[in-house]
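> Any chance you could fold what I've pasted below:
(chains A and B)
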Amino acid sequence: GQQLNQSPQSMFIQEGEDVSMNCTSSSIFNTWLWYKQEPGEGPVLLIALYKAGELTSNGRLTAQFGITRKDSFLNISASIPSDVGIYFCAGLIEDSNYQLIWGAGTKLIIKP
Amino acid sequence: NAGVMQNPRHLVRRRGQEARLRCSPMKGHSHVYWYRQLPEEGLKFMVYLQKENIIDESGMPKERFSAEFPKEGPSILRIQQVVRGDSAAYFCASSPPGQGDNEQFFGPGTRLTVL
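Numbering: from 1, shown residues only, chains lettered A, B, ... in the order given. Predicted structure coming up:
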C-alpha cells in the first residue's frame, strides 16, 4: 500500500531554534495535511495544502506542497515550549478524496 | 462550536468481551471516519461512513469489527470478542458534506485496553 516516509523520527532542540521536518512518498498526492498530536489527545489540523508548489503559513508554522506532489515539509520558527508534541503529515492520494495516508510522526522535544 | 466528541475516552475490556466506541461528529458534518493508532505510529484508516451508509470499509478487519452511522445518534465502532491485539487508540474524524473539502477534524480518541 501507499506509504509516507516522515523524518526525522524525533528532534531534540533548544527553545528559540527553528525546526524542519518532511514527508516523502513514491506516490503522488493531491492534498497534504499537517497535524499536531499531544499526549492523550487527537490530532489537531495545523495546515492544509491543496496545490503543488503551494506555500502556506499559520503563525510560526510554514508548510509547502512539493512541486513533484510526492513530498511536503513543515517548518516551525523560533520554537517555544508549547510546540512540544508529535507532528504528523497526512496525504490524500490521487484516486481518493478521503482516505488519509499518515506518516509515522516526528516527536519534537525541547531541551530546557 | 463543539468539536468531534468521542466516548468513552478510556475503555478496559477482558478478552472475549465486546467494545463499543461512540463518535458524534461536528455540527453540520455528515462524513465520519474511524482510524486506529498503535503507540509510536501514525493513524491507520479503518472505515468511512455517511449517514446510514458505509462508503469504504477497506481498512477494517473482516471479522469482529463493524461500524455504523445511523440516521439519528452517534457513529458506533463495535469490536466483538476483543483480543489483546485490539488494544489501541481509536480516533474518529468528521468532515462536512460535499466535494473538495478534505479537511478531517479529529476527536480526542478512545483508548481501548484489552486485559
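
> hmm, stretch A:45-53 touching chain B?
Yes: Stretch A:45-53 reaches chain B (Cβ under 8 Å from any Cβ of the partner chain) through A:45, A:48, A:50. For every residue, glycine as well, the C-beta is placed using N, CA and C.

> tell me what the host helix or strand of residue A:86 is packed against?
Using DSSP states H and E, residue A:86 falls within strand A:85-93. Counting contacts by 3 or more Cβ pairs under 8 Å, 6 or more residues apart in numbering or on different chains; DSSP states H and E, strand A:85-93 is packed against strand A:19-24, strand A:29-37, strand A:71-76, strand A:100-102, strand A:106-111.

> How about chain B: which residue is closest to chain A?
Evaluated by Cβ to the nearest Cβ, chain B has residue B:42 as its residue closest to chain A, separated by 3.2 Å.

> Go ahead and confirm that residue touches residue A:103.
Yes: counting by Cβ atoms under 8 Å, residue B:42 does reach residue A:103; the two are 5.5 Å apart.

> measure stretch B:40-54 end to end?
The first and final residues of stretch B:40-54 sit 29 Å from each other (Cα to Cα, to the nearest Å).

> what's the spacing between it and its chain's center?
Centroid separation between stretch B:40-54 and its chain, computed with Cα atoms, centre = their mean, to the nearest Å, is 6 Å.

> contacts for that stretch?
Stretch B:40-54 has contacts (Cβ atoms under 8 Å, 6 or more residues apart in numbering or on different chains) with A:4, A:6, A:43, A:88, A:90, A:98-105, B:30-38, B:55-60, B:65, B:67-71, B:75, B:77, B:90-91, B:97.

> Just those: which are in helices?
Among those, no member falls in helices (DSSP state H).

> Mind checking which of those residues are buried?
Neighbour counting with 16 or more other Cβ atoms under 10 Å in any protein chain shown marks A:4, A:6, A:43, A:88, A:90, A:99-105, B:31-37, B:57, B:59-60, B:65, B:67-69, B:75, B:77, B:90-91 as buried within these.

> on that earlier part again, so for residue B:42 and residue A:103, which residues contact both of them?
A:4, A:6, A:88, A:90.

> okay, those residues in JSON lines with pLDDT next?
As requested, these are exported to JSON lines (pLDDT from 0 to 100):
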{"residue": "A:4", "pLDDT": "89"}
{"residue": "A:6", "pLDDT": "96"}
{"residue": "A:88", "pLDDT": "95"}
{"residue": "A:90", "pLDDT": "93"}
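
> residues in chain B within reach of chain A, list them.
B:4, B:6, B:31, B:33, B:35, B:40-45, B:48, B:55-56, B:58-59, B:91, B:93, B:95, B:99-100, B:102-109, B:111.
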